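K.L.:
sequence unknown, structure follows:
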């Protein structure tokens, strides 16, 4: 299939295909016009296919789409108008019946790709959707993903990525969906541009992340950097530094004091309105009457 220079759509999702897509190939320029690559939910292994990313001309800038610098030529417009394919966009399966010239997506999710996210992906400046989730990718989230200026959806969830979220991702001003959940990310979450619109579900399962929109706050470390607050602070700190020990001591002291005061009120029968409110009208009179009846008995004995 690498020898098909006009291929624009390659969808092999939800099969049992396996193999290593990063192995050498005799085809020097594979898939120059490919706009849709979906091999999700298979059993591919190895590193991400760097030689593909280096040659996806249709996913790069317009001036790089053709080696001859000619406009992007569609001779099969009838085909492009009637394309039935299901792709996952922003976490939802959608049926597309038309392939627009500007539509580009890469979905390598739910395989066993390993290694780091390659720098060559940063050259795909015309890419709209990128899904690398549910693999075993390692290393940091690269800052060059901030070069994907047209990106609308980025899913890197359920991998083994670590480190901080690079501030360069805030340059993705068209980003509407971000999923970085279930990784090992740490540090403060960026909040400028599109990041200020994202919710908690974008970061679930990263115990080292802190800051809005998460409930885990960040605190200054020597006044220079922001680090995650200790988990105990979130669990036990309530208001203005009062912890659970202070609350327990307060409740204990109040219980002892309240019991003592209650006993004195019952014993003395004062104030009368409070005693009668809890024990009924005439409580003091009944108590005295019982005492007077019991007195002769004790004297007779």
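P.N.:
Thanks, I have it. Keep in mind that this is a model prediction, so the values were computed, not measured.

K.L.:
What residues of stretch 12-25 count as buried?
P.N.:
By 16 or more other Cβ atoms under 10 Å, the buried positions in stretch 12-25 come out as 13, 21, 22. The C-beta positions use only the backbone N, C-alpha and C, and glycine is treated the same way.

K.L.:
Check stretch 155-168 too.
P.N.:
155, 156, 157, 158, 159, 161, 164, 165, 166, 168.

K.L.:
ok, now which ones touch residue 25?
P.N.:
For residue 25, the contact set (Cβ atoms under 8 Å, 6 or more residues apart in numbering) comprises 2, 51.

K.L.:
Sticking with residue 253, tell me its helix or strand.
P.N.:
Using DSSP states H and E, residue 253 maps to helix 244-268.

K.L.:
average pLDDT across that helix?
P.N.:
Averaged over helix 244-268, pLDDT sits at 66.

K.L.:
could the buried residues of stretch 12-25 go into CSV alongside pLDDT, secondary structure and distance to residue 31?
P.N.:
Converted to CSV, those look like this (pLDDT from 0 to 100; DSSP: H, G, I helix; E, B strand; the rest coil; distance: Cβ to Cβ, whole Å):
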residue, pLDDT, secondary structure, distance to residue 31
13, 91, coil, 16
21, 90, coil, 11
22, 87, coil, 14
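
K.L.:
and which of the residues you listed is nearest to residue 128?
P.N.:
If you rank these by distance to residue 128 using Cβ to Cβ, residue 13 comes first, at 17.3 Å.

K.L.:
Please name the residues that touch the closest one.
P.N.:
For residue 13, the contacting residues are 38, 39, 40, 41, 42, 86, 107, by Cβ under 8 Å, 6+ apart.

K.L.:
Among these, give me the pair with the biggest separation.
P.N.:
Greatest spatial distance in the contacts of residue 13: 42 and 86, 15.2 Å, computed using Cβ to Cβ.

K.L.:
nearest to residue 252, of the buried residues of stretch 12-25?
P.N.:
Of all the buried residues of stretch 12-25, residue 252 sits closest to residue 13, with 61.8 Å by Cβ to Cβ.

K.L.:
How much space separates that closest one from residue 196?
P.N.:
Using Cβ to Cβ, to the nearest Å, one gets 33 Å for the distance from residue 13 to residue 196.

K.L.:
mind listing which of the contacts of residue 13 are in helices?
P.N.:
Residues of those located in helices (DSSP state H): none.

K.L.:
Nearest to residue 180 among the residues you listed?
P.N.:
Nearest to residue 180 among the contacts of residue 13 is residue 107, at 16.8 Å by Cβ to Cβ.

K.L.:
Just list whatever residues bridge to that closest one.
P.N.:
Judged by DSSP bridges, the bridge partners of residue 107 are residue 38, residue 131.
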